[in-house]
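A.B. asks: quick one: sequence plus predicted model below, questions after.
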Amino acid sequence: MAKNQNSNLHSAKKQKNDEFYTQLSDIEREMQHYKQHFLGKTIYCNCDDPEWSNFFKYFALNFEHLRLKKLVSTHFVYSDMFVEGETYKLEIVKGLDLNEDGKIDLADVVKTTLKGNGDFRSTECIEILKQADIVVTNPPFSLFREYVVQLVDYEKKFLIIGNRNAITYKEVFRLIKEGKMWLGHEFYRGNAYFEVPEDYANTQLIILNGRRLVKSRNCCWFTNMDYKERHENIILYKKYNEKDYPKYDNYDAIEVSKVADIPIDYDGNMGVPVTFMDKYNPEQFELVGMGEDNGTGFSGGAWLGGSKSCLVNGKAAFKRLFIRKKRII
Ligand SMILES: C[S@@+](CC[C@H](N)C(=O)[O-])C[C@H]1O[C@@H](n2cnc3c(N)ncnc32)[C@H](O)[C@@H]1O
């Protein structure tokens, strides 16, 4: 296959993997925890085909209930499919009752053509971002790092969906460690369902009421908006002993293979699975580092060198985050 064809195929595959549409029920379930943050704010959905997006639909339908100031959504088209005039911005504005029916909702949408292709990194979309207070969407997984860094650079509040693996991306983990972002609530029973386009092939496809869905157990919400439950302590009941909690060969910490097994009485560094982040209360634990950066950067300074993985008696443990108790619990 010619190199060009190959890279076109690769990019088409990457594009398809970015076309996962979030279910309205999952959006509703998460948004209920942040209602106080939305009051009087401008919401921007910058990775949304507004005709498909349930994010735009959710905020349009709840515009008055949430007492929003403005809702903006921009429609992105891949530049290799770009047709002039196809990309657009949709807006709903407080007080702009276009059909004069006494309420502000989906019937009051103002549609404006965009100059570019609606890329969240374009100058045009960045100008819209600057005017917004909160960004809520499910951005393309392949651009997640860039996406988050841009939101933080522009000091925006956000609530976005990402792959759980993103927790251990250096850029993302650094933000989490610095308390600049954290995880939202879990998807219902940990399962996120996304609607996929007609031509998306997957052996695990679920057809529900004519819609093509894929299930993921590896997605989570990332946010920098506070909510009550993230300040609740993990209930600990296990006691430390040397046999059940061996020290790593190459890091000054003990191995704790399940979050529920974090010992109540250990004050040093502990290596825990990445799922710890679902329960992380910043008042209970300090995030010291993570186990994959080979002693450089932000692994907490206790790395003893050698393998990139945490080793227990010469055997590599799974990916680990390092935590330490913050106070007597
Ligand atoms: C995972 S899908 C989610 C769609 C929608 N937010 C939802 O959850 O229903 C990611 C969306 O981002 C769009 N997208 C991909 N690259 C983009 C870019 N550079 N700028 C803006 N949007 C982009 C895709 O077309 C796709 O609609």
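C.D. replies: Nice, thanks for sending it over. If you're wondering where the values come from, they're calculated on a predicted model, not measured in any experiment.
A.B. asks: only C-alpha atoms from now on, for both contacts and neighbour counts.
C.D. replies: OK.
A.B. asks: break down this protein into its helices, ranges please.
C.D. replies: 3-17, 24-31, 35-38, 54-61, 123-131, 144-153, 170-177 (DSSP state H).
A.B. asks: run a quick neighbour tally on Phe59.
C.D. replies: 27 (other C-alpha atoms under 10 Å).
A.B. asks: surely it touches Lys70?
C.D. replies: No: the pair Phe59 and Lys70 does not pass the contact test of C-alpha atoms under 8 Å, sitting 9.5 Å apart.
A.B. asks: hmm, back to that, just the helices of the chain: most buried one?
C.D. replies: helix 54-61 (a mean of 22; mean count of other C-alpha atoms under 10 Å).
A.B. asks: how about Thr22, what does it touch?
C.D. replies: Going by C-alpha atoms under 8 Å, 6 or more residues apart in numbering, Thr22 touches Ser53, Asn54, Phe55, Asn138, Tyr193, Phe194, Glu195.
A.B. asks: once you drop chain neighbours, what's closest to Val110?
C.D. replies: Among residues not flanking Val110 along the chain, Glu91 sits closest, at 5.1 Å (C-alpha to C-alpha, 6 or more residues apart in numbering).
A.B. asks: what's the burial count for that neighbour?
C.D. replies: Counted with other C-alpha under 10 Å, the neighbours of Glu91 add up to 19.
A.B. asks: which residue packs closest to Thr211, ignoring adjacent ones?
C.D. replies: Let me fix one detail, which is that residue 211 is Arg and not Thr. Excluding the flanking residues, the one nearest Arg211 by C-alpha to C-alpha, 6+ apart is Glu195, at 6.7 Å.
A.B. asks: if you could redo that for Lys111, that was the one I meant.
C.D. replies: Leu90 (4.7 Å).
A.B. asks: who does the one you found form a beta bridge with?
C.D. replies: Ser73, Lys111 (DSSP bridges).
A.B. asks: related to what we said a few turns ago, now the helices of the chain as JSON lines including mean pLDDT and distance to Gly116?
C.D. replies: Below are the helices of the chain laid out as JSON lines (pLDDT from 0 to 100; distance: least, C-alpha to C-alpha, whole Å):
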{"stretch": "helix 3-17", "mean pLDDT": "50", "distance to Gly116": "18"}
{"stretch": "helix 24-31", "mean pLDDT": "96", "distance to Gly116": "28"}
{"stretch": "helix 35-38", "mean pLDDT": "97", "distance to Gly116": "29"}
{"stretch": "helix 54-61", "mean pLDDT": "96", "distance to Gly116": "20"}
{"stretch": "helix 123-131", "mean pLDDT": "98", "distance to Gly116": "7"}
{"stretch": "helix 144-153", "mean pLDDT": "97", "distance to Gly116": "18"}
{"stretch": "helix 170-177", "mean pLDDT": "91", "distance to Gly116": "28"}
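A.B. asks: adding distance to Leu114, write the ones you listed out as JSON lines.
C.D. replies: Below are the helices of the chain laid out as JSON lines (distance: least, C-alpha to C-alpha, whole Å):
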{"stretch": "helix 3-17", "distance to Leu114": "21"}
{"stretch": "helix 24-31", "distance to Leu114": "26"}
{"stretch": "helix 35-38", "distance to Leu114": "26"}
{"stretch": "helix 54-61", "distance to Leu114": "17"}
{"stretch": "helix 123-131", "distance to Leu114": "8"}
{"stretch": "helix 144-153", "distance to Leu114": "20"}
{"stretch": "helix 170-177", "distance to Leu114": "30"}
